[in-house]
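> Have a look at this prediction, sequence included:
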Amino acid sequence: MLSTIDLQRTLAIRADFPILARQIHGKPLVYLDSGASSQKPTSVLEAMDRYYQTSHANVNRGVYVLSEEATAAMEQARVKVARFIKAKSAKQVIFTRNTTEAINLVAYSWGSTNIRAGDTILLTEMEHHANLVPWQLLAARTGAKLEFVPFTEDGLLDQDEYTRLLEQAHPKLVAFTAMSNVLGTITPAKAMVAQAHAAGAIALVDGAQSVPHLPTDVGDLDCDFLAFSGHKMLGPTGIGVLYGRRELLEAMPPFQAGGDMIREVHLRSATWNDLPYKFEAGTPAIAETVGLGAAVDYLNALGMDFVQRHEQELVSYALERLRQVEGLALYGPEAAKRGGVISFTLADVHPHDLAQVLDSEGVCVRAGNHCAQPLIEKLGLPATARASFYIYNTPDEVDALAQALEKAKTIFAL
Amino acid sequence: MMDDYYREVILDHYRHPRNAGVLDAADIHAADSNPLCGDKVELFLKLGEDGKVSAVRFSGRGCAISQASASLLTEMIEDKTPEELKQLGKDDILDALGLENISPARMKCAMLSMRVLHQALGDDDWFHLDEEE
């Protein structure tokens, strides 16, 4: 079986990621856990280094050169991120720690002023805990109800049920993932947002898996909120983004309070700063925003169409290759409807044991419930193992995974 | 390294767990799970008239390390008094598994049944020790 991947280009990309040269247990590292966190190219590491070595000071306050440079570096990164997702204004890009904090921001700030007892929040059964538990807490605080769009046997969101729930439950908010972190399912986000709006609901899209791997255009998507993380898109940990519709963000109260987010403070009262600073209390992760800006530059240089195509080709190859491993069960939709994520189980071997054997071959996969316990329970499984791909993965690494699975079969006498 | 993890004794106890099952009207009983990977162990002990464990059973599901450890632990339990059981600890499980050192994540799998035992015994001291590690 031949893959259509441009191997020379992939090898050139790999050379930009120093960690990929590592050996694990004497074997080449095969990193198949980018869905959990991606590796970082030299350009990202150097941008952060350079920032600390030449320009670091606190932002938004000093009049001296360093502080001005630090502020400019952070704001340049904000503009890069805004352009990357095609936001109209950089003011709509709020820096958070990660996707989780971005969703919590909406759940607390928008939720506390817009959700009342008896209101419905519509989620799906394939959400990461980050797009489930904040809404559970909001529902508990307010007396709101949660409803869930189920997924079908082939791992797709049940669109008939979605339509029915929109009509019957009249949700105030619809929150769903653009790409499942377990099944890899790419959801029809644009159509779902349009339907949510037609039903009078606000739409939040969890882009933690989609933004790093697919072209994103918030104007076209027309979502009200989009949340994503820097560390899954070649950037550092500790930096994430909430994109929001401007009218909504302006009407929302602050999330966390402290320095930077205020305009005027008196002993017993305060007024709020403009967007985006209203939602960025305290000293931000400055170097991390710089790193995220460099990650965006790197992805732009490749082109997100290329990134998507590479992963599409790799996941097609992987599905075909892994189907040859007898006893291996694969979950999720066909290649055309998924990103570079494959969950699997091998006979009755616990995925944790499976991941351990794969690690002994240098192959890194995640095992567990992938922070999506309701989804895993619906599949009737205790856990799955998951391989997830990015621009630096090759068909050879898929073969290494398949060979390591054969070794696991020998060990567990399958 | 993997050869360490999947030694014959571990695979044997995983595939053929000793003292598997449940005991009705157990004198000492507890259950717990490992949030990291969802391993579950439930432990049942019956005491004889001499105050020593006369019967032990466990039920559970999860990875080879957690289930083999539970099986091995049940073999250490019979004929001991609750006070003697409180002396059992991490090294006893690692010795039985034949492992000297395992990663912190797998340590939680290995020690799940020991946690359940000390929980069943109401041994608060043990949990303080456990947390210090």
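Done, it's in. Numbering: from 1, shown residues only, chains lettered A, B, ... in the order given.
> check contacts around residue 55.
As the question left the chain open, I've gone with chain A. A:Leu66, A:Glu69, A:Ala70, A:Ala73 (Cβ atoms under 8 Å, 6 or more residues apart in numbering or on different chains). The way it works is simple: take the backbone N, C-alpha and C, and place the C-beta from them, glycine included.
> actually chain B
B:Leu23, B:Phe44, B:Leu45, B:Lys46, B:Glu78.
> from the residues you listed, which would you call buried?
When the contacts of B:Ala55 are checked for burial by 16 or more other Cβ atoms under 10 Å in any protein chain shown, the buried set is B:Leu23, B:Phe44, B:Leu45, B:Lys46.
> Now pLDDT and distance to chain A too, for those residues, in TSV please.
Formatted as TSV, the buried ones among the contacts of B:Ala55 follow (pLDDT from 0 to 100; distance: Cβ to the nearest Cβ, whole Å):
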residue	pLDDT	distance to chain A
B:Leu23	96	24
B:Phe44	97	22
B:Leu45	97	26
B:Lys46	96	29
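> The residue positioned nearest the centre of chain B - nearest residue in space that isn't next to it in sequence?
Central residue of chain B (Cα atoms, centre = their mean): B:Ser113, 2.8 Å from the mean position. Closest residue in space to B:Ser113, ignoring its immediate chain neighbours: B:Ala70 at 3.6 Å, by Cβ to Cβ, 6 or more residues apart in numbering or on different chains.
> For that neighbour, grab the count of nearby residues.
For B:Ala70, the neighbour count with other Cβ atoms under 10 Å in any protein chain shown is 31.
> same deal with A:Ala251?
12.
> Nearest spatial neighbour of it, chain-adjacent residues omitted?
Using Cβ to Cβ, 6+ apart, the closest residue to A:Ala251 is A:Thr113 (7.6 Å).
> do the same with A:Leu375
A:Met126 (5.0 Å).
> Okay, buried residues for the helix or strand where B:Met107 lies please.
Using DSSP states H and E, B:Met107 sits in helix B:104-120. The neighbour-count check on helix B:104-120 (16+ other Cβ under 10 Å) flags B:106-120 as buried.
> just to revisit the earlier point, would you confirm that the residue nearest to A:Leu375 contacts A:Thr152?
No: counting by Cβ atoms under 8 Å, A:Met126 does not reach A:Thr152; the two are 10.6 Å apart.
> Tell me which of these two has more neighbours.
A:Met126 (28 against 13).
> Spit out the contact partners of that one.
Neighbour list for A:Met126: A:Phe151, A:Gly155, A:Leu157, A:Thr177, A:Ser180, A:Val182, A:Leu183, A:Thr185, A:Ala372, A:Leu375 [criterion: Cβ under 8 Å, 6+ apart].
> now A:Lys40
Taking Cβ under 8 Å, 6+ apart as the test, what A:Lys40 contacts is A:Phe17, A:Ile19, A:Leu234, A:Gly235, A:Pro236, A:Gly291, A:Ala295.
> which residues of the chain score low on pLDDT?
Went with chain A since none was named. A:1-2 (pLDDT under 70).
> not what I meant, chain B
B:1-3, B:36-37, B:128-133.
> closest point of the stretch 301-414 of chain A to chain B, which residue?
A:Ser360 (3.2 Å; Cβ to the nearest Cβ).
> wait, that residue sits on A:Asp353?
No: in this structure, A:Ser360 is not within contact of A:Asp353 by Cβ under 8 Å, at 11.1 Å.
> you'd agree A:Leu405 is up against A:Leu358?
Yes: using Cβ under 8 Å, A:Leu405 makes contact with A:Leu358 at a distance of 7.4 Å.
> And the strands in chain B, which stretches?
Here chain B has its strands, by DSSP state E, at B:28-34, B:39-47, B:53-61.
> Return the most buried member of those strands.
Each of these was scored by mean neighbour count; the highest is strand B:39-47, a mean of 22, by mean count of other Cβ atoms under 10 Å in any protein chain shown.
> need the residues of the stretch 151-300 of chain A near chain B, please.
By Cβ under 8 Å from any Cβ of the partner chain, no residue of the stretch 151-300 of chain A approaches chain B.
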